[in-house]
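[1] the following block contains a protein sequence and its predicted model.
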Amino acid sequence: MMEFRFCPVCATELIKRPDDADMDRLRLTCPDGHWTHWDNPLPVLAALVEIDGRILLARNAAWPEKTFALITGFMERGETPEQGIARELKEETNLDAQHINLIGVYEFIEKNEVIIAYHVRADGEIRLSQELVEYRLIEPEKLRPWNAGTGYAMADWMRSRGLEPEMISWGFAE
């Protein structure tokens with residue numbers, strides 16, 4: 001995460017001051033009024049990927065063993081969320097998105113993100129990017145959503161299929 005210390009317009013050190021519209025919210029701002037750091041949440045795209053009736057979960061190279069999650073990534077300028085999730089899926093797994101349907105939008109306050117989650121039916125041969133080190137294909141009724149971020153999207157998708165999710169602590173999606 002990038003930390004801002006100086007105004008990008010005049011290089012003066014930023015100060016914290018109350019927002020004009022919400023005096024309880026402090027914002028980093030230029031004392032001369034040139035620039036304000038709004039620190040808005042980032043939109044993150046997430047795909048609950050279905051291949052031949054099973055759900056793909058992947059482990060990021062930076063995560064501990066047995067920690068699997070949905071395919072995620074950031075939108076690029078000039079693309080729709082649907083185009084972005086299809087691109088991320090192709091980049092990270094080599095799969096082609098065939099049908100993309102919105103599951104929902106979820107806050108992830110701890111990471112200052114807003115997650116836009118999709119159910120994606122995909123096909124193709126799975127080849128993981130360097131970002132991912134392994135994957136699992138799991139029957140929908142055996143999914144165990146985690147109590148953070150994209151786990152809530154998985155739980156909502158399961159409920160929409162008549163499955164009652166059993167929530168677990170993040171880090172053990174096996």
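    Noted; the coordinates are in hand. Fair warning: this is a prediction, and the values are worked out from it, not measured in the lab.

[2] how much space separates the residue nearest the centre of the chain from residue 18?
    Centroid-nearest residue in the chain, with CA atoms, centre = their mean: residue 44, separated by 4.0 Å. Using CB to CB, to the nearest Å, residue 44 is found at 29 Å from residue 18. Where you see a C-beta, it was placed from the backbone N, CA and C, and this is true even at glycine.

[3] got it, and residue 155?
    As for residue 155, its distance to residue 18 is 38 Å (criterion: CB to CB).

[4] longest helix in the chain, by residue count?
    Longest helix of the chain, by residue count under DSSP state H: helix 81-93.

[5] toward the C-terminus, what is the element adjacent to it?
    Moving toward the C-terminus from helix 81-93, the first helix or strand encountered (DSSP states H and E) is strand 96-108.

[6] hmm, who's touching that following strand?
    41, 44, 47-48, 82, 85-86, 89-90, 113-124, 148-150, 152-153, 156-157, 160 (CB atoms under 8 Å, 6 or more residues apart in numbering).

[7] and the angle from it to helix 81-93?
    110 degrees (axes from the mean of the first three to the mean of the last three CA atoms, to 10 degrees).

[8] what residues sit buried inside strand 96-108?
    97, 100, 103, 106, 108 (16 or more other CB atoms under 10 Å).

[9] noted, bye for now.
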